[in-house]
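Enquirer: Can you look at this prediction? I've put the sequence above it.
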Amino acid sequence: MLPELRVLYFEDLEVGLSETLSKTIASSDVVGFAEITGDRNPIHLSEHFAARTPFGTRIAHGLYTAGLISAVLGTRLPGPGAVYISQTLNFRAPVRIGDVVDVTVTVAELMPERRRARLACRCSVGGETVLDGEALVKVPTKAEADPLANRTERAQG
Ligand SMILES: C[C@@H](O)CC(=O)SCCNC(=O)CCNC(=O)[C@H](O)C(C)(C)COP(=O)(O)OP(=O)(O)OC[C@H]1O[C@@H](n2cnc3c(N)ncnc32)[C@H](O)[C@@H]1OP(=O)(O)O
């Protein structure tokens, strides 16, 4: 999943605006996440260990799946320049190697006075919700992102 970057400024957002990206979870993703974070829980890395858990097989780290939400926020909605403030997460069902995770974020509320957007986040596999929660992000306005362009517009206008 390497989507094209799209910048949406605060004034471009409206409640209900939504974006979905999909990612197939590879074993190398899970191994890589274990390496970069140090979370070597064998439920993610060892088939032998995972076979004796209720899941029956290795599962992805919850925070790896959550990271896919961050990818949508940071690349598509709102996109580059968005700053995470908070994120709630409910891990409702496991994600297994080979699963295709559909990640959807939807603008739920806009708070113009502080340029905050609240977004509903849902990850699903085959239509089943595996993770949901809410993100709060700070979103640049066009003027904040490009103050020179704004000054030029005013001078011309
Ligand atoms: C630390 C790391 O190394 C480890 C990881 O990252 S593990 C990977 C991330 N976690 C997961 O993949 C777990 C996914 N979730 C599940 O498989 C299940 O939710 C569960 C096994 C954790 C819980 O299942 P269970 O104990 O069977 O619970 P029930 O389905 O019987 O539900 C009982 C009520 O609790 C509510 N509920 C269950 N899970 C969650 C949740 N994650 N968040 C919020 N609420 C949850 C469920 O809705 C039921 O509520 P009700 O009102 O009784 O209907």
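Expert: Ah, there it is.
Enquirer: Tell me where this protein has helices.
Expert: 27-37, 42-45, 47-50, 62-75, 142-145, 147-156 (DSSP state H).
Enquirer: rank these by pLDDT, which is bottom?
Expert: Mean pLDDT is lowest for helix 147-156 out of these, coming in at a mean of 60.
Enquirer: what's the distance between Thr106 and the ligand?
Expert: With distances taken as C-beta to the nearest ligand atom, to the nearest Å, Thr106 is found 19 Å from the ligand. Quick note: C-beta positions are derived from backbone N, CA and C, even for glycine.
Enquirer: Make residue 1 into 59 and carry on from there
Expert: With 59 as the first residue, the last one maps to Thr164.
Enquirer: Next, count neighbours for that residue.
Expert: Residues near Thr164, counting by other C-beta atoms under 10 Å, number 16.
Enquirer: which ones are touching the closest residue to it other than its chain neighbours?
Expert: Nearest residue to Thr164 in three dimensions, chain neighbours excluded: Ser76, at 4.2 Å (C-beta to C-beta, 6 or more residues apart in numbering). Applying C-beta atoms under 8 Å, 6 or more residues apart in numbering to Ser76 gives the contacts 135, 162-165.
Enquirer: Before I go, just wanted to say thanks for your time.
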